[in-house]
Structures are given as structure tokens and as C-alpha cells.
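**Student:** sequence and computational prediction follow.
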Number of protein chains: 4
Amino acid sequence: MALQLPAMEYRFLGKTGLKVSVIGLGSWLTYGGHVEDDRTYECLKVAYDAGINFFDTAEGYEGGKSETIMGKAIKRFGWKQQDLVISTKIYWGAHNGSRKDALNNQGLSRKHIIEGLDLSLKRLQLPYVDVVYAHRPDRHTPIEESVRAFNHVINQGKAMYWGTSEWTASEIAEAWRVADKLNLIGPVVEQPQYNLLHRERVENEYRWLYAEHGLGLTVFSPLKQGILTGKYNNVSVPPPDSRLAGDGKTGFINDFTANFGDQAWREALAVVSNLMPIAEELNVTPAQLALAWALKNPNVSSLITGASRAEQIFENIKAIEVVPKLTPEIMKRIEDAAQTAPKLDPLRY
Amino acid sequence: MALQLPAMEYRFLGKTGLKVSVIGLGSWLTYGGHVEDDRTYECLKVAYDAGINFFDTAEGYEGGKSETIMGKAIKRFGWKQQDLVISTKIYWGAHNGSRKDALNNQGLSRKHIIEGLDLSLKRLQLPYVDVVYAHRPDRHTPIEESVRAFNHVINQGKAMYWGTSEWTASEIAEAWRVADKLNLIGPVVEQPQYNLLHRERVENEYRWLYAEHGLGLTVFSPLKQGILTGKYNNVSVPPPDSRLAGDGKTGFINDFTANFGDQAWREALAVVSNLMPIAEELNVTPAQLALAWALKNPNVSSLITGASRAEQIFENIKAIEVVPKLTPEIMKRIEDAAQTAPKLDPLRY
Amino acid sequence: MALQLPAMEYRFLGKTGLKVSVIGLGSWLTYGGHVEDDRTYECLKVAYDAGINFFDTAEGYEGGKSETIMGKAIKRFGWKQQDLVISTKIYWGAHNGSRKDALNNQGLSRKHIIEGLDLSLKRLQLPYVDVVYAHRPDRHTPIEESVRAFNHVINQGKAMYWGTSEWTASEIAEAWRVADKLNLIGPVVEQPQYNLLHRERVENEYRWLYAEHGLGLTVFSPLKQGILTGKYNNVSVPPPDSRLAGDGKTGFINDFTANFGDQAWREALAVVSNLMPIAEELNVTPAQLALAWALKNPNVSSLITGASRAEQIFENIKAIEVVPKLTPEIMKRIEDAAQTAPKLDPLRY
Amino acid sequence: MALQLPAMEYRFLGKTGLKVSVIGLGSWLTYGGHVEDDRTYECLKVAYDAGINFFDTAEGYEGGKSETIMGKAIKRFGWKQQDLVISTKIYWGAHNGSRKDALNNQGLSRKHIIEGLDLSLKRLQLPYVDVVYAHRPDRHTPIEESVRAFNHVINQGKAMYWGTSEWTASEIAEAWRVADKLNLIGPVVEQPQYNLLHRERVENEYRWLYAEHGLGLTVFSPLKQGILTGKYNNVSVPPPDSRLAGDGKTGFINDFTANFGDQAWREALAVVSNLMPIAEELNVTPAQLALAWALKNPNVSSLITGASRAEQIFENIKAIEVVPKLTPEIMKRIEDAAQTAPKLDPLRY
């Protein structure tokens, strides 16, 4: 291929000995859903060939179809599991073929973690995943029950590690409390939203967890659902047919519902506008600047990116070349332009 | 169906993240025994369709036939295990094909817990149950041996949780002592008798365990073997051919043997008589009043009801509608009528 | 002394290496209160000289005066602490000189256990006691807090062992759960009421604790407040000016309040009547028969007796001679006469 | 006294067995500083006589003078320690007689916790305090070091319990992790700011800690530095000479610095304005309404109030009578008027 791609880089997943590509590929809403199968397989193949080894999915993505397609791709291309880092996430069990009101088919009970992962592995046609995440906190289930269940599936050989996604810092600390008390394995990685527009949790709330527990981060939405690409900069309201205009019902991404109003949208676009001159000066796209900026955070192990075309994957990978260009001076200019740095809790009062 | 049933309600099983229908279906003496197969399947189907997800059986029910029929029903109707909460209980091993007096085929030794559950799963045609209970305490076996054995079957994936049935409070506390000392899983649920005529254990003896260990309750005999339906109110002695007139040999239900005499029987019927006007005033059956009363206890997760006809299931489920009618005033009138509240140990002397 | 007393016997306090005289001397309501000082000192001296080494008191006895007198006696007679086993009990702090409503001067909070024992030691003029008991359970304080506090005073050198008094079996088991979990010292001894008229707790409820934890018993009320001496046998109602006719307010001994009525009183006296011929036949007093019967229970370490005159002490000690006379045949006759044996929970169902 | 005061009420300090008056008396900026000694002693005496048993101070209040005066008062009035709950807080060591910039005279190092508490006890002329708090988190010191040091002073008998003040939920969880791992005592109480204008931490961030660890709360600033009394309602800017107009340097109370601007001030006063009609209707002062509202939160053990005159204490205590007036309807009207309820994290997504 004529395309000049930088060599993939890899980082340890937090304090573990597992190495993941700094650019990962996620399958939320893309594979199994909006994108047809052929283009999906092409994306996966291109990613793998470009050195991406970290592929992230979830039982809740497209009712399980994302996992099914991932499994077919692995079979089709003959990939070996030792060359891959496959993660899935348990919380919202797929209800196909079972009762709609399946009460125990969601959340983090022992039953659902075990049953959910078994079904995921069946769809993935794999004996195990590398990382199984708790897709959200479940405050109806004692953390001890979930910690024990994740250790159970690890002991059964169905997962190598377990992590969390969008848990509060105190919940991660409680999980470690239980794990330490019981001599079990605690969560080694969090999967939070993190980008130039959403920073408080990663940069302040989790701050003490990195050194204390060696917490790693696999980041979702590093481009804030595309906003940081600049493609919405002439759009006055969140496109009503996109997932940006949440209905407030999902637990996901609803920063721009009517509740938050136009102000949040305008403020977000203003940040992008302010960043654009810096991107131009560096001769990179706004998206690459945003990804490279996130990679400057040493606590980030991988950025989970989405792609419905091979070109997007290439564009994202090129962000790796941008990282060394982000000198202290440039980083300061980014901060000045974005004005999104969270207020940090003091080290000592 | 023309029948107007209330929506099923669900509660967490004690502190676990597992949800069970507040009305469960048990199979003691009914399925596999007194009731023919066709009516059994109809009952199970009707219960499932009405939202019941908790089905309770035991290795000791009808020599294992109850489990066999439950397994066949799951297969016949194509139910998925993630939609069900199946429990069984180990203590009295089925003796078919082995020596009648099989010494090691009962109790809570490591050998019998493992062997017994394996045979139960075979009859149920399931890879695991959701809850395995110790059907009674076994004072010949160290609690540590039993705690370890229940954790063994959980670790083998053959059960999600374990519980006890009719253990004393101190035995449950000892089980937790051993579990805590060894970092193992303690019992999350007790299956006691509990009804308006039998309250001391649930309301006084276990009182400290609810907060301390998050103990849940799945109640058996919520209608006191039918006495609380009022159907015996004109019967002067316990019907000698019913299970009410125990021979004093079983560990089960022998409140009305010759030892206890006519007095206990007359006192029980008097309680029912006193409750009837309240039921009439609320326009519900005495049985519904008794079930709703039991559901008012927040420590109760599910009431295990029996049924040999579909109509009984419908009647029992309707008790859910009665719960909100039990205002503090009505609850006080029930107490005044029943006079069965246990004397509570003081909180501080 | 012309008096022919049997040699004192000693037993280990439960599984500990500490030896206590099988007849102990208690000071409830006697010393510091109803009995003048001179007679008190005589009793204590006589007891010591007769080989009694176990003296039991409590912060709550006569507002602390019992401890004060015990302390003075030890000083007066020059007794050495290595020759004594002194116990006190913490729960009802003495309020002399402090506010009546002293909220934190009772119960089993860390604060009261520490402060209460410090004040007890001051009154006793001792650097430590041998056993400190929790005089009752306190369900408002977590058992862990009390277990830690008792270990704290042990670590501070202010007590050698700790025990409980009138705790339920499950509370003792919970205390051991916490102690085992935290590698702390659990309660080695219980101080329950135990006599021919009050047996269920010692013989059934606690049954599993003796082997499991080596629980020892120092028994109070072995003569059931004098009823088992036979002195009330011609008294038709509990003497209203005695402590037998409780007002139902105290947490202590109120078996014979108006609530329980004459029936309990009559039944108790009937038991004594039935036992008298056996005592006569053995040529002992009913009291000695009752004490000897209690000492036949191998789980009993010591019987805490009261005395306002030296003669009573001698009478009680003579019970030691009666123990060997209680052959299996005699024991059976006692059971047949008393009909007070509790129904034992089955070993296996 | 002709004054008609309600009987003091007491609550357990979190899950401990220690009882504290629901109105406590704090000495921040008042005693030892702005208020002369005679008025101080009168306030303390009046508070004690009215049933207040919880007195809170800190090494950092007025360079230690607050503790000195508290100690003198206890001596002067002959109060007994078993009738008091005395707390102090360690973080900002008093610098009298040592170098101004004393580096190790602040924070939560083992050295400073031990040295600081020793000096506090000397000023208080007491052998121990009931509760010692970490006055703030110290992110330069490992939590394990602080947990061990607090346990050290407890084991030395210099404190009964320890707690935290203004720690994040994850720091409290980490402290429990360390304590559980090492079998040590964790923090039993937090001392946060909590009032109708400042609720997010107590009502959302800490939410999971109450059940998990039995965390208690002793609240400071229940009147938001007097704002909720309504006395500032005609004041257009925070009085520049009051502590309300922070310079942004202290870690304390700087909600109304220039950074936050007039808007925060105006919004706070608007809340008070909206609440006033409800207070008038109930015939209570705005301050009493605010205190009673805070006491409706069952996780609150005590409100630490300040007073420079006896009348203020009486006024605050009268809030106890207001609590029962806060019916669900009134509570809803307060919420509607204040509009300050935090958005709660979902229980299950």
C-alpha cells in the first residue's frame, strides 16, 4: 500500500504485563449495526494489518451482533488469539430469543456476569477474552459479589483480566478493598470517556488511583462522538438524527440533550474552533491533534476509536506521529485555547 | 386470558444482585408425586407466563422426581436459564438404585453435597442451579466442611449462590465465621417456614442477621399447609390422612402431632377465624391476606407457594395487589386479631 | 475449724489454662448493698480460706460499691492477685457523681468498655481483672466495636480474658466471627443463668459452642434465686418484697412477674417438691442437690453463689461431695422428677 | 431558667455505639479567638446544661487556643469525661514556639498525627479525646501511613475513634481498603460541610458509604456561615471583612471569592429568600428551618453549631422541635423553593 503509516506503538495495559496498541478499534454502533458486513471485515482487516491488536466490543452492542461479527472476522482471517487483545463488556444482556423482561439478564450480579460472558464467548467463538469489563457500575449489587464473579470467570479461564467502565473513583477503590481483603484480583483498567471536552474524571477524580493501583485507561469517545474532528463546526444544533442529540433516557452520551441546551453545544464547538489554528500550524487534522493530545496522558493505555471506512483508521493511526510534536509549549497553547482543564483537588491544604 | 392478573413483582434475593419473583413456585409433595404430569406442566407454564421466575425444588422431593419433571418442563417449553432462577436443596439423597439405608447419601458432608448436586443437575438436565440450599443443618458434619463444599460447587460452576434452610441463627453466624476466616462465600439466603402462625425465628431469632449479612429469605409454608386459607376452619382435628397430622418422626411439619395435641390445632384455627373479618372487609381471600402480610416483611425475597391447579397460582399472585392495602392501621388490626407476634429480644438492656 | 469441708475443686475456665474454683462467690445485691460491711468481709475471708478463688462482681452492682468492698477486702487481707481470679462485668456504668442521663456510660461502645473498666479497676484498687464480661448484649453497638474494645483492654494489660453474659448463641458466634477475621481474642466464657428450672440456653442453644469454641460457663443463679433451696415451698405467691416478683422493667430476673402469673410460680415449686425425696434419700439439702446437679454438666466451670452468712458458703461448698453420688440412675430420677429437660435440636434430620 | 427548651436528642455516631447530641458545639473562630473568655465559658456551660455532650475543636483553631479554653472549661465545671464526647482535628499544627514554617507540623504524616494529638491533649488537659479527625486529606502522605498512625493513637488510648473531614469518597474508601487489609480500624465518621446550599458530597458522592461502612456525619457550617439565618439578605456583596469573602488561598470557605463572583452570592441569597415564607408559616426562624432540614437526613449524627452568646445556643437547640414539623409535604416545598438538590448517580444504568 502506498500509504505511509507510522509504526504502531504499544503500551502496557496499566500495571499489567499486557501490551495493547495505543489505537484500539471499537465496535459500538458500527459493526453489527449501521455498517454492512463487507465494509466491517475490511476495517477489521486493515486495522489488524496496521498493527492494531486491541479490539473492543460488548454484549450490549447491537444486541450481540458486534461480537458475532468480531468472532466471524477472527475465524475468516485465521487470526491467532495470542496475537490479539479482545475485550468485551458485560452489563446489558442481549435479549434476542429470550423474554423481554429478563430481569437477571443485566447488571453485575454473579449470575449475569457468568451467563453474560458465556453467551459473549459463544458469539465470539472464543474460549476466552483478554479483558472483561463491567460496562457500568451496578449499585444494586454488592461490589463483593461482582468482584468474586469476575474472579470466577478468570479462574475458569474465560478472561485474563477484568476492568470497569465509568465507575466512580470510590467504586474502583471499593473493588480494590474487597479484592485485597479476599486476596482476589482487582480491576486493572477503566474504560472512561476522555477527550479535550470531558476531562474531570480522568484528570482529577481518578488521580490517586494511577499510582495506588496502577490503574490503566482504555479511553472511549476520544473524539467526543466526532465533535473534535471539526465536522460539526458549522452545525448550529446537535443533528437530531445523530446519537449526539440524546433523548436523556440512555445512560450513555447525553451531554447535548435539551436539558443541557444549545449552550453546551456552542461551547463545545467554540473549543474546537480555538484548537483549529494549532492543528493547521502543525499540519494535522483536528482529530489527530485531539487523539495525540489524549495519548500524551501517560495513564492512557489505548484510545478506542471507531471507523466505518478504512481511511478513518489510517487517519487515526497517523495521530501517533503527532504525539512527539506536542512540546510543552504546544501543550500549553492547547490548554489556553481549550480552557477545559479541570480544577484539581489540592495535594495538601 | 380474560383473567386480570397484577404485574409480577420482583425483589433482590437478600443483598445479592439476583432478582426473584415475590411469588415463587415450589414442588414439595406436588409435582412428581400427588399431581399427574399434565397438570404439573400446565401449572409450571402458567406460572412462567404470569412472570414467576423462581422455581424451587429439592433432591429429597419425591425421590428426585420433582427435579426430573422440572427439567423436562424447561426443555419442553424451551425456557432459557438466564430467564429463570432455579433452586434445589441437598440433604436427603434420592435412594433409587442404591441401598435404602445409604449412609452417605444424606446430610452435609463434602461427599454428599457434591454427589447430591451432581445427581440433581442430571435430573434437572441443567449445567447449574442458581441457588443450592442446605436443606437442614447437619450437626454431625463440621460447618467448615459444608461451607467448603458449597464453595467448591460454586467454583465448579454448578451453582451461583448457596443458602440454608431451617438453620439456627448461630449456625448461620458460624457459617459466616468460617467463610470470613477462609475468604469463602457465605450463605446469602435462608429458607425458613414463615407465616402468621410461625414467626419467632424470622422476626426475632434471625433479626440481627439481616443487616449484618444481608440475609435474604425465601419462605416456605406461607399458608401453613393450607390452614391460613381457612379451609380447615370447620375441621375439629388435623385430618389424619393429611401431612398435617405428623407422626413426630419427620423433621418437617409436626406442629399438630399428638404431642402438641388438639390445643395447638384449635388455637391455629382461632387465629384464622379472627383474621377472616379483615379479609372480608378488604374483599380478599384469607390466603391472599396471609400472603400479602408475609410480603410486607422487607426481609422476605419470595414466598414459595404450591399449586396443583392453575387457578391456585392465579389466586396466589393476586396477593400482590393486596400488599398496598395493608396500611399501618390494617397491619395493627391483623396483629390484634392474630396475637402471634413474638416477644423481641431487647436492643439494649 | 471443726467444720468438715470437702477439698475445693477447680476446673479450667473453658478451654483456657485458667483454673477457677467450682464454687465461686458473687456479689450481686449482697455486698455493697443489703449486707453490712463486717459480715461481708467475713464471708469473703471464709470463702477464700475454704479454697474459693473465683470472685465475681460488676460495675453495675450497687452503683459500684460491690467492687469497692471487694477491693478493700483484698487490701485488708493482703491477698495476692496471683492467688485470685477476679472478674467484673461492664454494661451499666455507675452514675454516682455524674449526670443521670449519662448516655455513654452504659452499653458496649468502645468508650464505655474502656472508661467503665478503668473506673472498675479504680474501685477494685487493682491494675487488672482476670475476666471482664460484657454484662449483656448491646444490639446498638456493632459486635466488632465491642470485640475490638475488649481486646484493647486486654492489650493494655487491664484484663486477662473476656467473656459474655446472657448473649444469644448467634451473638457469641458473631463475636468469634469478628475475632477470627481480625486475628483477635474471642470470648472464652459465658455467664448464663443455669439451674434445674432454666436449662434451654445452656443445654440446647449453646450446645454447638462448647466443642467449636471451647466455651466455658460461669453460672449465675444456680439456685434460681433461692427457689431450689425449698425455702419458698410453702409460699403461695412470689414474695412481693423480694426480687423474685419483678416489675418487668429490669432485664434481669423476671420470670415470675404478673405477666407470667402464678402458674410459673406453682410449676417451679412443684419441681422442687418432686426433687425433695431424692435429696432426702441422699441425705443432702435440696440446694446441695441442685448445685451438684449443675456441676455434673462438664461445660460448667464454676457456679457463682451468693452468701450473706458464712454458713451459706459452707453449705454450698459441701455440694462438691454430692457430685459423685449423682450416678446415672440418680440423674435419671432427677430428670424424671423435674421434667425440665429442654427439647434438643436434632443432630441430623 | 424561664426559657422553654426542648429535651436534647441524641444519635449514634454512625454505626458506633457512641451517642452524640444532635446539636454539637464547635469552637472554630469563636472560642480562643474572637470571643472573650467569660462569654466563652458561659456558652460552654449553657450548652452542657442544655444537654449538649458533643464539643468539637481542632489543633488548628486559633493556634491551639480553642483547645486550651475547652480544657479549662472542663476543669472549671468539673465535668467528667464519660459524660462528654470531645473531638479534635489534626492537620494544621499550632506553631507557637516553633518555626513559623514548620514543615512537619502539618498534614497527616505519622509524625504529625502523633505529635499533634499529644500537644492537643496537653492543651485539653485530657488523657484522650473521643474522636480524632484528619482535618483534611493529605495527598502527599500515603493513606496507609495515616491509617496506621490513627490506629496507633487509638491503641495508645489517646482516642476512642477516628474520622475524616472533607475527604473524597474514594479517599474514605481507600482508608477502609487499607484498614481492612491490615485488620485495622477504619474511619467511622466524616465531618463535611452540609447545608441547604451545599449538598452534592453528602447526598450523592458519599451515598454508597453509609450502608457499606456505616459512615456517620458530624456536619460543619449547617448554616453556611450564617447565610441561612437570613441576616445577609439585604447585603449586596459578601462583607469584605468577614470570612465569607475568602482570598482564595485557604482551603476552607471560599465559595464567594472574586473567582465565583457576585452571581454565587446572589444565588445563595435567593435561596434564603425563597425559604423564608416556609419558615414564617411554621413560625420558626430561617436558621431553625435550615438546621431542622439537615437533621432530617438520617445519616447526620450531629450538627456542629457555633455560638458567641447563650441565646444562639438556645435558638439552635429549638430546631429540634422543628424536625417533626417537616412533613413530606413541607420537605417537598423546601426542595421546590431551594432547587439545590444534587443530581443523583443512577442505581442501575
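**Tutor:** Sure thing, it's come through. Numbers count the residues shown, from 1 in each chain, chains lettered A, B, ... in the order given.

**Student:** the nearest residue to residue A:202 once chain neighbours are set aside: what's it in contact with?
**Tutor:** With sequence-adjacent residues excluded and distances taken as CB to CB, 6 or more residues apart in numbering or on different chains, residue A:202 is closest to residue A:194, at 4.5 Å. Every residue, glycine included, has its C-beta placed from N, CA and C. Listed by CB atoms under 8 Å, 6 or more residues apart in numbering or on different chains, the contact partners of residue A:194 are A:201-202, A:217, A:219-222, A:294, A:297, A:300.

**Student:** show me which residues of chain A sit near chain D.
**Tutor:** Within reach of chain D by CB under 8 Å from any CB of the partner chain, chain A has these residues: A:91, A:106-107, A:135-140, A:168-174, A:176-177, A:180-181, A:205, A:208-209, A:212, A:251, A:345-349.

**Student:** ok so residue A:219 is a strand residue?
**Tutor:** Yes: assessed with DSSP: H, G, I helix; E, B strand; the rest coil, residue A:219 lies in a strand.

**Student:** give me the phi and psi for the nearest residue to it once chain neighbours are set aside.
**Tutor:** Spatial nearest neighbour of residue A:219, chain neighbours left out: residue A:194 (4.3 Å); criterion: CB to CB, 6+ apart. Main-chain torsions, residue A:194, degrees, to the nearest 10: phi -160, psi 130.

**Student:** distance of residue A:194 from residue A:163?
**Tutor:** In this view, residue A:194 and residue A:163 are 14 Å apart by CB to CB, to the nearest Å.

**Student:** number of nearby residues for the closest residue to residue A:30 other than its chain neighbours?
**Tutor:** Nearest non-adjacent residue to residue A:30, counting by CB to CB, 6+ apart: residue A:306, 5.2 Å away. For residue A:306, the count of nearby residues is 23 (other CB atoms under 10 Å in any protein chain shown).

**Student:** residue A:298 too?
**Tutor:** Residues within reach of residue A:298, counting by other CB under 10 Å, total 9.

**Student:** element containing it, please.
**Tutor:** If you go by DSSP states H and E, residue A:298 is not part of any helix or strand.

**Student:** quick one, phi psi at it?
**Tutor:** Per-residue torsions, residue A:298: phi -70, psi -10 (degrees, to the nearest 10).

**Student:** residue contacts, residue A:93?
**Tutor:** Residue A:93 is in contact with A:59-60, A:102, A:105-106, A:112, A:115-116, A:119, B:82, counting by CB under 8 Å, 6+ apart.

**Student:** what is the nearest of these to chain D?
**Tutor:** residue A:106 (7.6 Å; CB to the nearest CB).

**Student:** and the closest residue to residue A:304 other than its chain neighbours, what are its bridge partners?
**Tutor:** Nearest-residue entry for residue A:304: residue A:26, 4.0 Å, with adjacent residues in sequence omitted and distances by CB to CB, 6+ apart. Beta-bridge partners for residue A:26, by DSSP bridges, are residue A:56.

**Student:** what's around residue A:26, how many residues?
**Tutor:** As a burial measure, residue A:26 scores 25 neighbours (other CB under 10 Å).

**Student:** what sits against it?
**Tutor:** Per CB under 8 Å, 6+ apart, neighbours of residue A:26: A:55-57, A:220, A:304-306.

**Student:** at 7 Å instead, please
**Tutor:** A:56, A:220, A:304-306 (CB atoms under 7 Å, 6 or more residues apart in numbering or on different chains).

**Student:** tell me the buried residues within the residues you listed.
**Tutor:** A:56, A:220, A:304-306 (16 or more other CB atoms under 10 Å in any protein chain shown).

**Student:** would you format those as TSV with pLDDT included?
**Tutor:** As requested, those are exported to TSV (pLDDT from 0 to 100):
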residue	pLDDT
A:56	98
A:220	97
A:304	98
A:305	97
A:306	94
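
**Student:** beta partners for residue A:216?
**Tutor:** Under the criterion used (DSSP bridges), residue A:216 bridges to residue A:189.

**Student:** just confirm it contacts residue A:302, I think it does.
**Tutor:** No: at 8.5 Å, residue A:216 does not count as touching residue A:302 under the criterion of CB atoms under 7 Å.

**Student:** of these two, which one has the most company?
**Tutor:** A count of neighbours by other CB under 10 Å puts residue A:302 above the other of residue A:216 and residue A:302, at 30 against 26.

**Student:** can you list the strands that the helix or strand encompassing that one pairs with?
**Tutor:** Assigned by DSSP H and E, residue A:302 falls within strand A:300-305. Applying DSSP bridges, strand A:300-305 is found paired with strand A:23-26 (parallel), strand A:216-219 (parallel).

**Student:** if we can go back for a sec, ok, the buried ones among the contacts of residue A:26 vs chain D, which is closest?
**Tutor:** Relative to chain D, the closest of those is residue A:220; by CB to the nearest CB it sits at 14.6 Å.

**Student:** for the closest residue to the closest one other than its chain neighbours, give me its contacts.
**Tutor:** Closest residue to residue A:220 apart from its sequence neighbours, by CB to CB, 6+ apart: residue A:304 at 5.0 Å. By CB under 7 Å, 6+ apart, the contact set of residue A:304 is A:24, A:26, A:56, A:218-220.

**Student:** which of the residues in stretch A:58-78 are buried?
**Tutor:** A:58-74.

**Student:** how many neighbours does residue A:127 have?
**Tutor:** When neighbours are counted by other CB under 10 Å, residue A:127 comes out with 9.

**Student:** for it, what is the enclosing helix or strand?
**Tutor:** Using DSSP H and E, residue A:127 falls within no helix or strand.

**Student:** now do it against residue A:156, distance only.
**Tutor:** Noted for residue A:127: a distance of 10 Å to residue A:156, by CB to CB.

**Student:** surely residue A:113 is within a helix?
**Tutor:** Yes: assessed with three-state DSSP, residue A:113 lies in a helix.

**Student:** quick check, central residue of chain A?
**Tutor:** residue A:220 (2.8 Å; CA atoms, centre = their mean).

**Student:** contacting residues for it?
**Tutor:** Counting by CB under 7 Å, 6+ apart, residue A:220 makes contact with A:26, A:191, A:193, A:304.

**Student:** which one of the residues you listed sits closest to chain C?
**Tutor:** Each of the contacts of residue A:220 was checked against chain C using CB to the nearest CB; the closest is residue A:191, at 33.7 Å.

**Student:** name the nearest residue to the closest one, ignoring sequence neighbours.
**Tutor:** Closest to residue A:191 by CB to CB, 6+ apart is residue A:165, at 4.0 Å.

**Student:** again, but for residue A:125
**Tutor:** The shortest distance from residue A:125 to any non-neighbouring residue, by CB to CB, 6+ apart, is to residue A:71 (4.1 Å).

**Student:** then residue A:291?
**Tutor:** Per CB to CB, 6+ apart, closest to residue A:291 is residue A:319, 3.6 Å.

**Student:** next one: residue A:222
**Tutor:** In space, and not counting its chain neighbours, residue A:222 is closest to residue A:303: 4.4 Å by CB to CB, 6+ apart.

**Student:** which residues touch the one you found?
**Tutor:** By CB under 7 Å, 6+ apart, the contact set of residue A:303 is A:22-24, A:219, A:222, A:291, A:294-295.

**Student:** just put the residues you listed in CSV and tack on pLDDT.
**Tutor:** Compiled in CSV, the contacts of residue A:303 are given as follows (pLDDT from 0 to 100):
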residue, pLDDT
A:22, 98
A:23, 98
A:24, 98
A:219, 98
A:222, 97
A:291, 98
A:294, 98
A:295, 98
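
**Student:** what about burial for those, which qualify?
**Tutor:** By neighbour count, with 16+ other CB under 10 Å, the contacts of residue A:303 hold A:22-24, A:219, A:222, A:291, A:294-295 as buried.
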